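Student: Any chance you could fold what I've pasted below:
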Amino acid sequence: MLSPEVVTTMRAHAEASAPNECVGALFGRGNEIAKALPLINAAENPTREFELSAAEYFRAEAEAARAGLELLGFFHSHVDAPASPSAKDLEHASAFRCGYIVPVRNGVAGAPVAF
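Tutor: Sure thing, here's the model as predicted:
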């Protein structure tokens with residue numbers, strides 16, 4: 001379950017990052033997602049993919065510990081492309097409880113889609 005604040009953070013990060021894909025971490029407990037943290041996309045081709053550096057991943061882990069929450073998963077955007085996960089998206093998401101794609105069309109972010 002995404003809180004309105006989490007959705008706002010995800011959408012704002014997706015819009016600010018366009019035309020590149022964004023990436024961010026999701027924190028909470030159980031099935032409740034309480035916080036989203038925008039992260040830096042380190043991909044070589046950020047307009048078509050996302051990648052986390054080790055430093056950004058460790059920043060997400062540190063934020064989870066600081067906030068007393070679990071790192072539940074990640075979100076990223078698809079810019080002017082379907083909000084369906086690629087094979088790479090599915091492979092990377094398998095280690096976490098949740099993954100979301102934020103579709104961005106003409107610079108405007110839509111509702112996050114779980115996968």
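Student: I'd like to check which residues are in contact with the nearest residue in space to Pro103 that is not next to it in sequence.
Tutor: Nearest non-adjacent residue to Pro103, counting by CB to CB, 6 or more residues apart in numbering: Ala83, 3.9 Å away. (Each C-beta comes from the backbone N, C-alpha and C, glycine too.) Neighbouring residues of Ala83 by CB atoms under 8 Å, 6 or more residues apart in numbering: Ile101, Val102, Pro103, Gly110, Val113.
Student: can you do 10 Å?
Tutor: Neighbouring residues of Ala83 by CB atoms under 10 Å, 6 or more residues apart in numbering: 77, 100-105, 110-115.
Student: Please identify the helix or strand for it.
Tutor: Secondary structure from DSSP states H and E places Ala83 outside every helix and strand.
Student: and the most centrally placed residue in the chain, what element?
Tutor: In the chain, the centroid-proximal residue (CA atoms, centre = their mean) is Phe75; its distance is 1.7 Å. In this assignment (DSSP H and E), Phe75 forms part of strand 70-79.
Student: Brilliant, that's me finished.
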